[in-house]
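quick check, what structure comes out for this input:
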Amino acid sequence: MKRLLIVFTAILLLGILLPTHGQELIGARSMGMAFSNIAVTEGLEHINGNPATLAIQRDFNFEMNLISTRAMVKNNGLTLGLYEKYFTTGDTLSGNDINDLLSHIPEEGLKANFDAGFLPISFYSRYFSISLSGISNANFTIPKEPLEIPFRGISSNSNYSLEGMEGEAWAAAAASFSLAIPMSRLTEPLFDTFAIGVSLKYLKGFNYGKILRATGGIFTSDEYILANGTIEALHSNGGTGMGLDLGLIALRGEKWTFSLNVNNLIGQINWNQNNEIIYYHFAADTINFNSLEGFQTNEVDTSYATGGFTTPLPRTLYAAIAFQPGSKLLLTGAIRQGLNTSLGNYTRPLVALGAEIKVIPLLPLRMGFNVGGNNGFSLGMGFGIDLKYWQLNVGYLNHNMKWMKQSESIELAVTSSLRF
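Take a look at the predicted model:
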């Protein structure tokens, strides 16, 4: 059991600490606009978006990333306020405290997702870019009943079932080369600018883990305890893969921009390093509830090598539009449709709308919202500091309009770069 816990703790930490961005736009400008600006991403913002936007004429011809970080922590029951109330004071939890804490966990169990990002060395010049980044996702579901044991111990007439326990985590670094090819002559006079873009990615997988099966549990009556459960997990220490993004961009005049792209149209990771199945089983004969001194279980904790396996990369279709009525206002919209459910991807459509306002050119303000996807309703907001050759952007995304201590999640991003 220790091996199983160590493996999944390590993988979940990889999902938080490695250079990752969870297959979404990593830039703080994009987060502030609720990821609605995929048609008009600037410079290195296109990563995990539409590479064809590299063809759009900008006020700068070269960009070097200084820092791009993104962090998201989310669960479906526990808030920051609950954490501060019950886990930071050092006080012993009373029965009422425990009841209140557990009442916030839904009956289907505690679900959590971790995502973080860091974009290291990356360069942009019009029509192409080179970047080093990462791809990661970590999520798990723990049934509610077993969560009661650390707080209440094992009670009579209770079922602590492992059914419904799920978990998957992975992490990989990616080296990407992106290129945009102008093809305006083919679309004149309908569009003033038309381009096709492609991103080719080489991926180095670090870790992958997934719970394959969780059955049984601990079951009690007034007099007896019956323990019988099994957990099986798949684990790999690494692999390699390739990915391909494809996009189209079209500009009509100076106001309208249309975008269409597919991320990971082709892409997978072949996991082939120290692949193993981890197996843990515990069992005990019927035990007298009033005589727990002799409570012992028969445990089997082992692992065995298994063959290589392949996981498709998250495949996603984006359609987006942008309207710029003047130099001080930009309106954006996008639709995201997941095409598979691999590696944390989702197929529920997401619709996003946003705006960027430059009443003060040095201090652009952003806001947006999206609905659908995995987070329900999300409200984005952010700002930038634009000093021509250097810029700093900050973005925040709120989920389901729960603020501060009432929030069950937090999502922040900071981006800074040099432009010439």
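
counting contacts, what elements does the longest strand along the chain pack onto?
The longest strand of the chain (DSSP state E) is strand 193-220. Under the contact criterion of 3 or more Cβ pairs under 8 Å, 6 or more residues apart in numbering; DSSP states H and E, the helices and strands touching strand 193-220 comprise helix 2-17, strand 159-161, strand 166-182, strand 224-236, strand 239-252, strand 256-271. Every C-beta, even on glycine, is put in place using the N, C-alpha and C of the backbone.

in the chain, where is pLDDT below threshold?
1-24, 116-117, 285-297 (pLDDT under 70).

helices of that one, start to end?
Assigned helices in the chain, in chain order: 2-17, 28-32, 80-87, 95-103, 144-147, 149-152 (criterion: DSSP state H).

buried ones in the third one?
To tie it back to what came earlier, the one meant is helix 80-87. Neighbour-count burial for helix 80-87 flags 80, 82, 86 (criterion: 16 or more other Cβ atoms under 10 Å).

convert stretch 304-323 to CSV, retaining C-alpha atoms only.
What follows is stretch 304-323 as a C-alpha-only set of coordinates in CSV (Å, rounded to 0.1, in the frame of the first residue of the first chain):
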residue,chain,number,x,y,z
TYR,A,304,4.6,-6.7,-11.9
ALA,A,305,5.9,-5.4,-15.2
THR,A,306,3.6,-4.9,-18.1
GLY,A,307,4.0,-4.0,-21.7
GLY,A,308,4.0,-0.5,-23.3
PHE,A,309,0.8,1.4,-23.9
THR,A,310,-0.3,4.5,-25.8
THR,A,311,-2.5,7.5,-24.6
PRO,A,312,-3.9,9.9,-27.2
LEU,A,313,-3.3,13.5,-26.5
PRO,A,314,-6.3,15.7,-25.7
ARG,A,315,-7.9,16.6,-29.1
THR,A,316,-9.8,19.9,-29.3
LEU,A,317,-11.6,22.0,-31.9
TYR,A,318,-11.8,25.8,-31.5
ALA,A,319,-13.8,28.3,-33.5
ALA,A,320,-13.3,32.0,-32.7
ILE,A,321,-14.1,35.5,-33.8
ALA,A,322,-12.9,39.0,-32.9
PHE,A,323,-14.2,42.4,-33.6
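
which among the helices and strands packed on strand 193-220 is found nearest to Thr141?
Shortest distance between Thr141 and these, using Cβ to Cβ, is found for strand 166-182: 4.4 Å.

direction included, what does that closest one pair up with?
Paired neighbours of strand 166-182 in the sheet (DSSP bridges): strand 128-142 (antiparallel), strand 193-220 (antiparallel).

give me the angle between the longest one and strand 256-271.
Between the axis of strand 193-220 and that of strand 256-271 there is an angle of 50 degrees, by axes from the mean of the first three to the mean of the last three Cα atoms, to 10 degrees.

for Tyr304, what are its contacts?
When contacts are counted by Cβ atoms under 8 Å, 6 or more residues apart in numbering, Tyr304 touches 276-277, 279.

just give the nearest non-adjacent residue to Leu260, would you?
The shortest distance from Leu260 to any residue that is not its chain neighbour, by Cβ to Cβ, 6 or more residues apart in numbering, is 4.8 Å, and that residue is Leu248.

distance-wise, check the one you found relative to Val351.
When Cβ to Cβ, to the nearest Å is applied, the distance between Leu248 and Val351 equals 20 Å.

Ala283 touches Asn228, doesn't it?
Yes - Ala283 sits in contact with Asn228 when judged by Cβ atoms under 8 Å, with a separation of 4.7 Å.

between the strands paired with strand 166-182, which one is closest to Pro120.
For the strands paired with strand 166-182, distance to Pro120 was read as Cβ to Cβ. The smallest value, 5.2 Å, belongs to strand 128-142.

dump the closest one to CSV, restricted to CA.
Extracted C-alpha coordinates of strand 128-142, given in CSV (Å, rounded to 0.1, in the frame of the first residue of the first chain):
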residue,chain,number,x,y,z
PHE,A,128,7.2,31.3,-36.6
SER,A,129,8.0,30.5,-33.0
ILE,A,130,10.0,28.0,-30.9
SER,A,131,9.0,27.1,-27.4
LEU,A,132,9.7,24.8,-24.5
SER,A,133,6.6,24.1,-22.4
GLY,A,134,4.8,21.3,-20.8
ILE,A,135,1.5,19.3,-20.7
SER,A,136,0.0,17.9,-17.5
ASN,A,137,-3.2,17.0,-15.8
ALA,A,138,-4.0,15.4,-12.4
ASN,A,139,-7.4,14.5,-11.1
PHE,A,140,-9.0,12.1,-8.7
THR,A,141,-12.2,11.0,-7.0
ILE,A,142,-12.3,9.6,-3.5
